[in-house]
Each structure stands twice: as C-alpha cells, then as structure tokens.
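Novice: quick check, what structure comes out for this input:
(one chain, ligands or ions: 1)
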Amino acid sequence: MSEARDHRQIARDQELFHFQEEAPGMVFWHARGLQLYQALESVARALLRAQEYQEVRSPQLMRQPIWEASGHWQHFAEGMFKLQEDDGRGLALRPVNCPGHAQLYRSALRSYRELPLRLAEFGVVHRKEPSGALQGLFRLRQFMQDDGHIFCRPEQVAAELSAFCQALRELYRAFGFAELSVGLSLRPAQRIGSGAQWDSAEQQLAAAAAALGVPVLEQPGEGAFYGPKLEFKLRDRQGRVWQCGTIQLDFAMPERFELEYVDADGQRRRPVMLHRALYGSVERFLGVLLEHYEGRLPAWLAPEQARVLALGPAQLEHARALCSALRRAGLRALVDSSEERLGGRIARARQLQVPFLLVIGAREARDGSASIRALAGPQREPREPCSFEQAVARVAEACQPPPFIAGLPG
Ligand SMILES: [Zn+2]
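Specialist: Now for the predicted structure:
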C-alpha cells in the first residue's frame, strides 16, 4: 500500500482542473479534465440506455413552495443557497434533483402500464458546505450527481433493486475496484411509514445486497427518516474505503408531492420512489479514481489517449492526417506541433500521462507510417514503423474499455 498522491497535485501536473478562492468549492475544468469528466458521463449514460432510463433535465432554481413540499426548506435550510425574486418570493438553487423529477412524474396522469418509469439526470447541485469542510473534489459546493429516480409499483421494487445492484457491481469492477462492500442503513428512531412498510423495504434491500456476493454491513439507525438505503463502498489501492453509489427507498416524497398512478382496477395508487446514483458525485468519483491510480489512469479512461508528434514542420500535415484517423476511430488524440526537442516533448507527454505517442519523422512521412511508443508500462509495442491503419488499430485495441463497458449500447 502506498501513500496516495493528492488528486489536486495530479490535476496540476496533468492540467485537468484548478480551484480559485473566488469560487470556493467549485471547479474550473480545463479541457483535459473535462474530457475525463465526459468519459465518466458517457459510461453512465450507456448504462442508463441499457437499463431503459429516460434522460431528463429539470430547473436549477425553483421557488420556495417546491422546497417546502420536499421538506428541504425546513430541514436543509443551512445547506441551501437561497435567493429572492424582486417581488420578495424565495427561490433556492437545488441541493438535490428529486423534487424536479417528482414534477416530471406529475406532469401527466400515469398508468400502471408506464411503470417502472425511470428518469435520470446529470444534475448539477449546490450545497452550502462550510468553507473549512471543502476538500478538493471530495467535498464541493457545486457538483454533478448522476442522479436517477425509479417510480414503480411495490411488487416491482425487488427487480429494480436487483438490476441496479448487479450493474453497479460490474461497473465498479470495470473501473478497477475489485473490493466492494455494501452498507445497509436501517430504520432510524424518528421515521415515517408503517412497521410493515419498513420490514418489507429492509428485507428487499437486504436480499438485493446478499445476492451480490460481497460483504454486507448492517447499519442500524442510519436510514433516512423516509426510507432505508444501500450504500456501495469501494476500497482503493491505498486501502481507503469510499462510499459512492446508493439506492434508497422513499415512502415520503410520493406522499408529499401526491404522486399517483391508475392501477389495473382503475384505482389511484401511490408509486414507490427509488433514488439511485452510480457514482454519487461525478467529481468525487473522479477524485477517487485519480488517487486510486495515482494519476496513471487505464488507457481507456485517459483524457488524451494518443499524441501525434511531428519531428519537423514538414511532417505536420502527416501528423494531422493520422490524428484525424485516430479521432475517427473514437480515440481522444491531439497533435503536438511544438518545436521543442524530442526528449522534452516525450517528457511532457509522460507528465500528462498520455499512454501512446505516435512519432512521425522524415522516413515515416515518406512511407505513410508512424512509430508507436507506449509511454506507460513496459515497451510492448514494436518500435518499427507501421502503417497509419495499423497504428490506429493498435492504439484502438489498447484503449478498449473492459468488456462490461464495451458491451453497453453506444
Ligand atoms: Zn433523489
């Protein structure tokens, strides 16, 4: 086990993001960092497609009555950034996305045939964390949740829990976190809902967790007042445990927002609401990944997967053509057109943790070839120049995501 390198230092070395005191707890994403961020988003989006979610977007600011109905105005007042309209009416920047999704659910009369209705949003949220508590990407005032809510009939809960939990286990393994555990947060002293509701909800969560074949830790009293929860914890290479994904049952919000569906017998009933997130905070998950890999991300995740290097101005056109071919193959590639000497440029690419360097000198330009250099790990790639086509195929193969992710719908 090694000491973790701070993700803020890694970000400086690799030009991923920075912070400024003028925007405490908020991130200035540089282009390279945003590439990585978007790579995480697209993995989650592919999984949403596979599981038949509808991606939606709801407002960033909503008026006080919505937050009163959700209970946040009363119980989460300290954590919210509140504003006022000219006429004095209160507004708040959302600290969670759930009330917005409840509005989307309510926008039509729902039939039992539409359920489960799965809504997902990459939702930016704001929370007024005390400035002393802020800690890089791990604790922010503005971050994005890969959030989602499932509205279903009570008898559909077990299948929804199981589908979410199984996929999340595979996802974390694909990201290189082999050691997982699950916390089962049980009923607290202060709660709403009947004993029978809690018994059934806790049993269903316990069954979904047990089916994963990973350690399950019961956390008595740690559930929210409105429902029990599963918390996914992953262990990083430094032995630290991070709680990331969650799935939570909610008896309260469907009541508070009067959500209904028309059942097969024509009766109106309340749906069950499940809150779920794969990463939790996308920023925090990214910080965990950077420290887990000490900045040396697997090639499939690298913000810049290949850099094409022209040895002189005469080779620039060839370098650009190769870079275009790499991009057409779906790879994140750039041309290095600087006039620095080769050694310095290789050192620079190494500092940025670019996994592959493709060098084009006079000979390569004449033959339409490129020399591949793998910057990370042992030199496995042949140094002999190969054709553009072969170079693209080799880099693309080395940048293939793990099978679980590669198998998701694009
Ligand atoms: Zn929610």
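Novice: which parts of this structure sit against the ion?
Specialist: Listed as neighbours of the ion in the chain under the rule C-beta under 5 Å from the ion: Cys98, His275. (Glycine included, C-beta is placed from N, CA and C.)
Novice: which residue ranges of the chain form helices?
Specialist: Here the chain has its helices, by DSSP state H, at 7-14, 31-50, 64-70, 72-75, 98-106, 157-174, 195-210, 252-256, 282-292, 316-328, 342-351, 362-367, 388-398, 403-406.
Novice: redo those as JSON lines? Include mean pLDDT, mean neighbour count and distance to Gln84.
Specialist: Putting the helices of the chain into JSON lines (pLDDT from 0 to 100; neighbours: other C-beta atoms under 10 Å; distance: least, C-beta to C-beta, whole Å) gives the following:
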{"stretch": "helix 7-14", "mean pLDDT": "97", "mean neighbour count": "18", "distance to Gln84": "35"}
{"stretch": "helix 31-50", "mean pLDDT": "97", "mean neighbour count": "18", "distance to Gln84": "32"}
{"stretch": "helix 64-70", "mean pLDDT": "94", "mean neighbour count": "17", "distance to Gln84": "10"}
{"stretch": "helix 72-75", "mean pLDDT": "88", "mean neighbour count": "14", "distance to Gln84": "13"}
{"stretch": "helix 98-106", "mean pLDDT": "97", "mean neighbour count": "20", "distance to Gln84": "19"}
{"stretch": "helix 157-174", "mean pLDDT": "96", "mean neighbour count": "19", "distance to Gln84": "39"}
{"stretch": "helix 195-210", "mean pLDDT": "93", "mean neighbour count": "17", "distance to Gln84": "39"}
{"stretch": "helix 252-256", "mean pLDDT": "91", "mean neighbour count": "18", "distance to Gln84": "24"}
{"stretch": "helix 282-292", "mean pLDDT": "98", "mean neighbour count": "23", "distance to Gln84": "29"}
{"stretch": "helix 316-328", "mean pLDDT": "96", "mean neighbour count": "18", "distance to Gln84": "47"}
{"stretch": "helix 342-351", "mean pLDDT": "93", "mean neighbour count": "14", "distance to Gln84": "48"}
{"stretch": "helix 362-367", "mean pLDDT": "91", "mean neighbour count": "15", "distance to Gln84": "64"}
{"stretch": "helix 388-398", "mean pLDDT": "95", "mean neighbour count": "17", "distance to Gln84": "53"}
{"stretch": "helix 403-406", "mean pLDDT": "96", "mean neighbour count": "14", "distance to Gln84": "45"}
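Novice: with distance to Val125 added, can I get those in TSV?
Specialist: Compiled in TSV, the helices of the chain are given as follows (distance: least, C-beta to C-beta, whole Å):
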stretch	distance to Val125
helix 7-14	20
helix 31-50	15
helix 64-70	13
helix 72-75	11
helix 98-106	10
helix 157-174	20
helix 195-210	24
helix 252-256	16
helix 282-292	11
helix 316-328	33
helix 342-351	33
helix 362-367	49
helix 388-398	36
helix 403-406	26
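Novice: wait, which of the ones you listed is closest to Phe122?
Specialist: Closest approach to Phe122 among the helices of the chain (C-beta to C-beta): helix 31-50, 6.0 Å.
Novice: what helices and strands are in contact with that closest one?
Specialist: Other elements packing on helix 31-50 under the criterion 3 or more C-beta pairs under 8 Å, 6 or more residues apart in numbering; DSSP states H and E are strand 117-126, strand 142-152, helix 157-174, strand 272-281, helix 282-292.
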